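Asks: what follows is a predicted structure for the sequence shown.
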Amino acid sequence: MVMVLVTMIISCSKEEGVVSGSVQKTESNPESYHYAVNRPYDEGEPGIEPTTPLIPSVGTDTLITDPKYPYTVIETPTQAYKDETCLLDISKLEEHKTYYKVQNDKLTIGFDNQPALKLKSGPTGWNARWGLAPYVECENPEVLFVRPLSSIVTVISFSKPCIEFGFEMAPNHQDYDHGLGVVFGTDFLDYSEGFTSSIVRSPSGARLFAIKATKPFTHITILLNDSPTGDIPINGVGIANIRYRLAK
């Protein structure tokens with residue numbers, strides 16, 4: 001018997017935003033693609049502590065490389081997508097600080113193998129425009145920067161199962177196409193609940209990576225490829241407009 005999964009849309013409010021310190025006002029970025037390229041990571045906030053109720057991986061021995069359940073890829077941030085998801089506000093994170101987790105009163109997401117660096121707000125934080133309509137929500141969003149770890153950018157785990165999740169993403173290296181992908185499941189590199197990918201470039205070429213699943217997921221893995229010629233590595237990726245919908 002197939003169990004029908006019921007989900008609910010969680011109401012979003014300003015009170016759900018991350019409350020992690022006021023935004024620093026700093027000098028303009030140097031003339032480079034963006035600040036994270038030339039500045040080492042500052043000391044970050046504490047990592048994920050044992051008391052944080054993040055869901056551990058299921059620890060399966062078999063690597064799942066194909067989706068097992070139906071899902072829908074969301075290619076652009078339509079009004080319907082925004083209405084049925086909640087935005088995880090990162091605007092109050094302290095600039096030029098690293099974070100192993102970001103949270104509101106309903107969901108915590110943890111960066112399991114590389115911390116995320118909060119970039120400067122506004123156009124100088126991610127040089128030039130982040131992206132263009134209809135592919136992104138706005139041209140200059142709040143951006144987190146994550147450096148790559150081998151061929152995998154990072155694994156993100158959740159404190160509660162989600163049924164819908166998405167964020168915009170762009171490569172750090174500019175003027176080259178790069179293939180980026182995201183897999184959704186209950187473990188590292190687990191594709192069971194869905195997969196989405198896109199060819200993306202910077203500047204002004206960020207794209208949405210989002211799915212609506214039929215089975216809850218607790219982990220996502222961001223996959224990164226070099227340029228088609230294989231000799232232009234990505235120094236990292238920016239992510240913005242993190243949205244989620246909790247499973248009931």
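Replies: That came through, no problem.
Asks: for the longest strand along the chain, packing partners?
Replies: Taking DSSP state E as the criterion, the chain has its longest strand at strand 152-171. Other elements packing on strand 152-171 under the criterion 3 or more Cβ pairs under 8 Å, 6 or more residues apart in numbering; DSSP states H and E are strand 108-111, strand 178-185, strand 194-200, strand 207-224, strand 237-246. Placement of C-beta: from N, CA and C, glycine included.
Asks: redo that, cut-off 6 Å
Replies: strand 108-111, strand 207-224, strand 237-246 (3 or more Cβ pairs under 6 Å, 6 or more residues apart in numbering; DSSP states H and E).
Asks: what about Phe184, how many neighbours?
Replies: 27 (other Cβ atoms under 10 Å).
Asks: pretty sure it contacts Tyr191?
Replies: No: using Cβ atoms under 6 Å, Phe184 is not in contact with Tyr191; the gap is 7.5 Å.
Asks: where does this protein dip in pLDDT?
Replies: 1-53, 58-66, 123-124, 127, 225-234 (pLDDT under 70).
Asks: try it again at 50.
Replies: Where the chain drops to pLDDT under 50, the residues are 1-11, 13-38.
Asks: the closest residue to Ala128 other than its chain neighbours: how many residues sit nearby?
Replies: Closest residue to Ala128 apart from its sequence neighbours, by Cβ to Cβ, 6 or more residues apart in numbering: Pro203 at 3.7 Å. Close neighbours of Pro203, defined as other Cβ under 10 Å, add up to 16.
Asks: show the contacting residues for Tyr244.
Replies: 86, 107, 162, 165 (Cβ atoms under 6 Å, 6 or more residues apart in numbering).
Asks: ok, so of those residues, who is nearest Val143?
Replies: Phe165 (17.8 Å; Cβ to Cβ).
Asks: any idea what the nearest residue to the closest one once chain neighbours are set aside is bridged to?
Replies: Nearest non-adjacent residue to Phe165, counting by Cβ to Cβ, 6+ apart: Tyr244, 5.0 Å away. On the basis of DSSP bridges, Tyr244 is bridged to Cys86, Phe165.
Asks: quick one: Tyr244 from Asp177, how far?
Replies: Distance of Tyr244 to Asp177, given as Cβ to Cβ, to the nearest Å: 28 Å.
Asks: for Leu93, same thing?
Replies: Taking Cβ to Cβ, one finds Leu93 at 30 Å from Asp177.
Asks: pull the number of nearby residues for Ser91.
Replies: 12.
Asks: can you report phi and psi for the residue nearest to Ala128?
Replies: Here is the backbone geometry of Pro203 (degrees, to the nearest 10): phi -80, psi 170.
Asks: hang on, it packs against Gly131?
Replies: No: using Cβ under 6 Å, Pro203 is not in contact with Gly131, being 8.8 Å away.
Asks: residue contacts, Thr221?
Replies: 155, 183, 188-189.
Asks: pick the one among the residues you listed closest to Tyr69.
Replies: For the contacts of Thr221, the nearest to Tyr69 is Val183 (13.0 Å; Cβ to Cβ).
Asks: beta partners for Lys197?
Replies: Check again: residue 197 is Ser, not Lys. Residues in beta-bridge contact with Ser197 (DSSP bridges): Gly181.
Asks: tally up the residues packed near it, please.
Replies: Using other Cβ under 10 Å: Ser197 sits among 15 other residues.
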